[in-house]
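K.L.:
fold the stuff below for me.
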Amino acid sequence: MRYLTFALGKGRLAKTTLELFEKIGITCEEMKDKDSRKLIFVNEELKLKFFLSKGPDVPTYVEYGAADIGIVGKDTIVEEGRKLFEVMDLGFGKCKMCVCGPESAKELLKHNQLIRVATKYPNIAKDYFYNKKNQTVEIIKLNGSIELAPIVGLSEVIVDIVETGSTLRENGLQVLEEICPLSARMVVNQVSMRMENERISKLINDLRRVME
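P.N.:
This is a model prediction of the structure:
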């Protein structure tokens, strides 16, 4: 039997995923060792392999078949636009992708003015403004604290993930428009889905059962 390989987005996402997997009897003791320098963790008995990667890389590993299955946020799936199957909403890591800015930016959004939008998610922002709102905007890609952009005058608004909104409020910003709800999803490589259909379907069904 070949190994099924999982790519997990580093951090809280991986931790919550492993807790969920434990409920259906999938464990990986090696991963609990905080001091381990290992990159790939194996459960010999169940023929499973796990590795951690940066969120945005997970869909890439899955598309190219380096991982059969990936666990990653919906925001990353949409932003990366890779060829893969999204098979399941895992229901945790819930938040929203939103257009945010100061109160004064509301008018600019209403009148479809040419504005600058700062974001870590240029593809999501482009799709939203160009295709859904038919508004031409200039998109500026940033990697760090997006909230800074409207405060220092780099952009009128930002497109970012909002969980509680407290960081926004602390900086005098607010949610102006909601783009889409987000949460952790399971994605599967297209070939693996065919070749390993039985094992993957069982995994999905087991997870659904414990999530209910």
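K.L.:
helices or strands up against whichever helix in the chain runs longest?
P.N.:
If you go by DSSP state H, the chain has its longest helix at helix 197-211. Under the contact definition 3 or more C-beta pairs under 8 Å, 6 or more residues apart in numbering; DSSP states H and E, helix 197-211 sits against helix 12-23, strand 85-89, strand 184-188. In this view, the C-beta of every residue, glycine as well, is placed from N, C-alpha and C.
K.L.:
which of those has the lowest mean pLDDT?
P.N.:
Among these, helix 12-23 carries the lowest mean pLDDT, a mean of 93.
K.L.:
quick one: buried residues of stretch 55-71?
P.N.:
Neighbour-count burial for stretch 55-71, counted by 16 or more other C-beta atoms under 10 Å, picks out 55, 57-63, 67-71.
K.L.:
what's across from the residue nearest the centre of the chain in the sheet?
P.N.:
The chain has residue 73 as the residue nearest its centroid, 1.9 Å off, counting by C-alpha atoms, centre = their mean. Legend: beta-bridge partners of residue 73 under DSSP bridges are residue 184.
K.L.:
what's next to the lengthiest strand in the chain, contact-wise?
P.N.:
For the chain, the strand with the greatest residue count under DSSP state E is strand 174-182. Residues from elsewhere that reach strand 174-182 (C-beta atoms under 8 Å, 6 or more residues apart in numbering): 73-75, 78, 93-103, 105-106, 109, 124, 128, 157, 159, 161-162, 165, 168.
K.L.:
sheet partners, orientation included, of it?
P.N.:
Strand 174-182 is paired, per DSSP bridges, with strand 95-101 (antiparallel).
K.L.:
which parts of the partner strand are buried?
P.N.:
Neighbour-count burial for strand 95-101 [16+ other C-beta under 10 Å]: 95-101.
K.L.:
can you list the residues you listed in TSV and add pLDDT and distance to residue 176?
P.N.:
Putting the buried residues of strand 95-101 into TSV (pLDDT from 0 to 100; distance: C-beta to C-beta, whole Å) gives the following:
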residue	pLDDT	distance to residue 176
95	96	16
96	97	12
97	98	12
98	98	7
99	98	5
100	98	6
101	97	6
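K.L.:
about what we covered before: what's the angle from the longest strand of the chain to strand 85-89?
P.N.:
Here strand 174-182 runs at an angle of 110 degrees relative to strand 85-89 (axes from the mean of the first three to the mean of the last three C-alpha atoms, to 10 degrees).
K.L.:
one step back: among the buried residues of stretch 55-71, which are located in strands?
P.N.:
Counted as lying in strands by DSSP E, out of the buried residues of stretch 55-71, are 69-71.
K.L.:
which one of the residues you listed sits closest to residue 19?
P.N.:
residue 71 (11.9 Å; C-beta to C-beta).
K.L.:
per-residue confidence for the closest one?
P.N.:
For residue 71, the predicted pLDDT is 97.
K.L.:
quick one: average pLDDT of the longest strand of the chain?
P.N.:
97.
K.L.:
just want the angle from it to strand 69-73.
P.N.:
160 degrees.
K.L.:
got the CA positions of strand 174-182 in PDB?
P.N.:
These are the backbone C-alpha positions of strand 174-182, laid out as PDB (Å, rounded to 0.1, in the frame of the first residue of the first chain):
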ATOM      1  CA  GLN A 174     -14.000  49.300   9.800                       C
ATOM      2  CA  VAL A 175     -15.400  46.600   7.500                       C
ATOM      3  CA  LEU A 176     -17.000  48.400   4.500                       C
ATOM      4  CA  GLU A 177     -18.000  45.400   2.400                       C
ATOM      5  CA  GLU A 178     -17.900  41.700   2.800                       C
ATOM      6  CA  ILE A 179     -16.400  39.600   0.000                       C
ATOM      7  CA  CYS A 180     -16.800  36.000   1.200                       C
ATOM      8  CA  PRO A 181     -16.800  33.700   4.200                       C
ATOM      9  CA  LEU A 182     -13.600  31.700   4.800                       C
END
